[in-house]
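>>> Pasting the sequence and the predicted model now:
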Amino acid sequence: GAVHAAPDAFAAVALDVPFLDALGTLADATLPLTANEWEEFGNPLNEDEAAAIRSYSPACEENVNRGAAYPPMLLRPALHDARTGWWESFKFAARVRSAARHAPRIVVDLCEDRGHFAPAGLRENAADLAVPLAFLAHHLESPQHAPEASWRVRALAKTSSADDDDTLAAVAEAAATLQTTVFSPHLSSTGSLYLQRRRYEDDLRRAECLAIAQAADDDAVVAVAAAHALPRASSSSWYLSAIAVDAAWRRRGIASALLEAIERHARDAGVAELYLHVRPENNAAVALYGSQGYLDALADGDLSDDALRADLDLHLHSPPDDDDDHDDPCKNSEAERRQPQMLLRKRLGGGHERDRR
């Protein structure tokens, strides 16, 4: 129920022998404890009580949060469970997958050799417990190393001032180093790291607006986001590059603050729309952008502007640069660049039509 109510509040969920189909299970009086539980949950054989049970039963279709971005979930029913049916998890998973905005990662791990309770043996119990712990550890950030220092956000817009250009250059260099660490962890050689950092830096220097978060104690750049103009669009539009946040500084609201800083500058510049791409399976990112008002651009309205589509396609599919070194380890492979991406858009309500002459 809680996952339906606020799916974006969870980074991951692991449920052991979960009670998900309350309406169906409580209707079977042959199951142990069912008749006794009618007093607590309601009796589905009573029409009024059945309506109440339906209103909270997680597996009921009307309770699924349609269009929401659900977190990764691990469901572990037990084949020999006499209290909650093993089929409940499969029913719940099917409901969520069909109704969620993007198919979430839902793993149903049917335990074939146990009942409602954990295995009695010490070794078997430890192995059983390790499964949900491993699933959660894979999807959650470990907070024990997160620094306690505060941070602040700065936004730099493209100007004609030489002093501002010097500041932007210094910030872009540090931000590019962070992007290389976050987005290119597979690179190890000095040459590859240098080339990738330079590519990120050149891209940041071309940005209409560069937003960074800096640690308050030493001004180290701990997060960065950039917005680039889409010059061929019929209305003023910016494209948001991927947001990079240092792993030790995540889950502090920094990414949201960067988005808000860029949006303020975009409104001041008369920008009508902001676009970005995100992988559909990146549930945390999809939830973040959704909470900030970014909607599926294809579902929100058609993209009839061919020039805009060309600009967006260029940002999505073009390699880091145009040289012919196809063996460069810094380059993304064609397969990587062609992986499915979702286009999100936020309308800012301002902007103007460009001179199309």
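Structure received.
>>> any chance you could map the strands in the chain?
Here the chain has its strands, by DSSP state E, at 13-16, 73-76, 106-108, 151-157, 209-215, 221-229, 237-240, 244-245, 273-278, 295-296, 342-347.
>>> Not counting the fourth one itself, show me its contacts.
It refers to strand 151-157. Contact with strand 151-157 is made by 164, 167-168, 171, 208-216, 222-223, 249, 252, 254, 257-258, 261-262, 264-265, 269, as judged by C-beta atoms under 8 Å, 6 or more residues apart in numbering. All C-beta atoms are positioned from the backbone trio N, CA, C, and that covers glycine.
>>> and the longest helix seen in the chain with strand 151-157, angle?
Identified as the longest helix of the chain according to DSSP state H is helix 162-183. Between the axes of helix 162-183 and strand 151-157, defined by axes from the mean of the first three to the mean of the last three C-alpha atoms, to 10 degrees, the angle is 120 degrees.
>>> Quick check: buried residues in helix 162-183?
L168, V171, A172, E173, A174, A175, A176, T177, L178, Q179, T180, V182 (16 or more other C-beta atoms under 10 Å).
>>> export these to a markdown table and tack on distance to N36?
Shown next, in a markdown table, are the buried residues of helix 162-183 (distance: C-beta to C-beta, whole Å):
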| residue | distance to N36 |
| --- | --- |
| L168 | 69 |
| V171 | 65 |
| A172 | 67 |
| E173 | 68 |
| A174 | 64 |
| A175 | 61 |
| A176 | 64 |
| T177 | 63 |
| L178 | 58 |
| Q179 | 59 |
| T180 | 61 |
| V182 | 53 |
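>>> of all these, which comes closest to R54?
Proximity of the buried residues of helix 162-183 to R54, judged by C-beta to C-beta, is greatest for V182, which lies at 45.1 Å.
>>> list the contacts for that closest one?
A244, V245, D246, A247.
>>> quick one: which of those is most hemmed in?
A244 (23 neighbours; other C-beta atoms under 10 Å).
>>> if I look at the closest residue to that residue other than its chain neighbours, how far off is Q292?
Leaving aside its chain neighbours, A244 sits nearest to V182 (4.2 Å; criterion: C-beta to C-beta, 6 or more residues apart in numbering). Per C-beta to C-beta, to the nearest Å, V182 is found 20 Å from Q292.
>>> tell me the pLDDT at E141?
At E141, the predicted lDDT confidence score is 62.
>>> so L129 makes contact with A118?
Yes - at 7.2 Å, L129 counts as touching A118 under the criterion of C-beta atoms under 8 Å.
>>> Look at those two and report which has more neighbours.
With neighbours defined as other C-beta under 10 Å, L129 and A118 compare such that A118 has more, 16 against 13.
>>> sorry, back to before: and the strands of the chain as JSON lines, adding distance to A82?
What follows is the strands of the chain, written out as JSON lines (distance: least, C-beta to C-beta, whole Å):
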{"stretch": "strand 13-16", "distance to A82": "15"}
{"stretch": "strand 73-76", "distance to A82": "16"}
{"stretch": "strand 106-108", "distance to A82": "19"}
{"stretch": "strand 151-157", "distance to A82": "52"}
{"stretch": "strand 209-215", "distance to A82": "53"}
{"stretch": "strand 221-229", "distance to A82": "51"}
{"stretch": "strand 237-240", "distance to A82": "52"}
{"stretch": "strand 244-245", "distance to A82": "47"}
{"stretch": "strand 273-278", "distance to A82": "43"}
{"stretch": "strand 295-296", "distance to A82": "43"}
{"stretch": "strand 342-347", "distance to A82": "43"}
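>>> could you redo those as JSON lines and give each row mean pLDDT and distance to L193?
Formatted as JSON lines, those follow (pLDDT from 0 to 100; distance: least, C-beta to C-beta, whole Å):
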{"stretch": "strand 13-16", "mean pLDDT": "92", "distance to L193": "37"}
{"stretch": "strand 73-76", "mean pLDDT": "92", "distance to L193": "36"}
{"stretch": "strand 106-108", "mean pLDDT": "91", "distance to L193": "36"}
{"stretch": "strand 151-157", "mean pLDDT": "85", "distance to L193": "24"}
{"stretch": "strand 209-215", "mean pLDDT": "91", "distance to L193": "20"}
{"stretch": "strand 221-229", "mean pLDDT": "92", "distance to L193": "17"}
{"stretch": "strand 237-240", "mean pLDDT": "89", "distance to L193": "25"}
{"stretch": "strand 244-245", "mean pLDDT": "91", "distance to L193": "15"}
{"stretch": "strand 273-278", "mean pLDDT": "88", "distance to L193": "25"}
{"stretch": "strand 295-296", "mean pLDDT": "86", "distance to L193": "35"}
{"stretch": "strand 342-347", "mean pLDDT": "87", "distance to L193": "30"}
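>>> now for these, which one comes closest to T84?
In terms of C-beta to C-beta, the element of these nearest to T84 is strand 13-16, at 10.0 Å.
>>> strands paired with that closest one, and their directions?
Strand 13-16 sits in its sheet next to strand 73-76 (parallel), going by DSSP bridges.
>>> From the chain's centre, how far out is the strand it pairs with? Work that out for me.
In terms of C-alpha atoms, centre = their mean, to the nearest Å, the centre of strand 73-76 is set 19 Å apart from its chain centre.
>>> low pLDDT regions in the stretch 1-150 of the chain?
Counting by pLDDT under 70, the stretch 1-150 of the chain contains low-confidence ranges at 100-103, 141-149.
>>> What segments of it are helices?
Counting by DSSP state H, counting those that start in this stretch, the stretch 1-150 of the chain has these helices, from start to end: 2-5, 22-26, 34-41, 47-56, 87-99, 122-139.
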